[in-house]
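Chemist: kindly return the folded structure for what I paste below:
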Amino acid sequence: MRVLAIDASLRNSGVAVVDADNGKTCALYYGTIYNASSLRASSCLVAIRDRLTELIRDHQPDCCALEAVIYVQSYKTAILLGAARGAAILAAAENGLPVFEYAPTRIKQATVGRGAAAKNQVAFMVRVLFGLTETPAADAADALAIGLTHLRAQEVARLGLPGCRQI
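Modeler: Here you go, the predicted model:
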């Protein structure tokens, strides 16, 4: 199974393509979609959608996994995060990918073993679990963790237990 994993944000969206073959996980691609602060929000959304469409075309994932909506104190931040998430969902849906979402605490628990893990702990564990030679940047590490969570959720679903939520 090949998963496009996305940690959506207007300016710095973490993205990863992960694969699992006979229980062995592999990070095929990871990085960050950077959008300059001078770019209008609407242009950032187009850039996110276009880059994700390119990744889908290049890597042919079977599905897409995202972080579920998180609580933020600012309604402006919530709107911008929701818009970026919408651009990611649109890119996946336009390309026929089923889209799944996971709560931030579940992602941290699946990666680190506890739901209140710090970002640097997630990045370190992602490096170890995927056997990477360097620790990825925070946004890319979060995307890798989302991909890993989805792969593990699929293993659980094969056992007949509730695994994930498709949107």
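Chemist: use CA for all of it now, contacts and neighbours both
Modeler: Noted.
Chemist: how far off centre is the one helix or strand in the chain whose mean pLDDT sits lowest?
Modeler: Ranking every helix and strand in the chain by mean pLDDT, DSSP states H and E puts strand 165-166 at the bottom, with a mean of 74. Strand 165-166 has its C-alpha centroid displaced from the chain centroid by 14 Å (Cα atoms, centre = their mean, to the nearest Å).
Chemist: check stretch 12-31 too.
Modeler: With Cα atoms, centre = their mean, you get 9 Å for stretch 12-31.
Chemist: now do the buried residues in it.
Modeler: Burial within stretch 12-31, assessed by neighbour count using 16 or more other Cα atoms under 10 Å, is assigned to 12-19, 25-27, 30-31.
Chemist: of all pairs in the residues you listed, which one is the farthest apart?
Modeler: Asn12 and Thr25 (24.8 Å; Cα to Cα).
Chemist: which residues of the chain fall in strands?
Modeler: 2-7, 12-21, 24-34, 63-67, 99-102, 165-166 (DSSP state E).
Chemist: and the second one, which strands flank it?
Modeler: In the sheet containing strand 12-21, its partner strands are strand 2-7 (antiparallel), strand 24-34 (antiparallel), by DSSP bridges.
Chemist: CSV for the strands of the chain, including distance to Gly115?
Modeler: Below are the strands of the chain laid out as CSV (distance: least, Cα to Cα, whole Å):
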stretch, distance to Gly115
strand 2-7, 17
strand 12-21, 20
strand 24-34, 21
strand 63-67, 14
strand 99-102, 12
strand 165-166, 18
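Chemist: looking at the ones you listed, which is closest to Leu144?
Modeler: Among the strands of the chain, if distance is taken as Cα to Cα, the winner is strand 12-21, at 5.5 Å.
Chemist: redo the strands paired with strand 12-21 as a markdown table? Include distance to Gln73 and mean pLDDT.
Modeler: Putting the strands paired with strand 12-21 into a markdown table (distance: least, Cα to Cα, whole Å; pLDDT from 0 to 100) gives the following:
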| stretch | distance to Gln73 | mean pLDDT |
| --- | --- | --- |
| strand 2-7 | 19 | 97 |
| strand 24-34 | 23 | 96 |
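Chemist: quick one: which of the ones you listed is nearest Thr53?
Modeler: Nearest to Thr53 among the strands paired with strand 12-21 is strand 2-7 (10.6 Å), distances taken as Cα to Cα.
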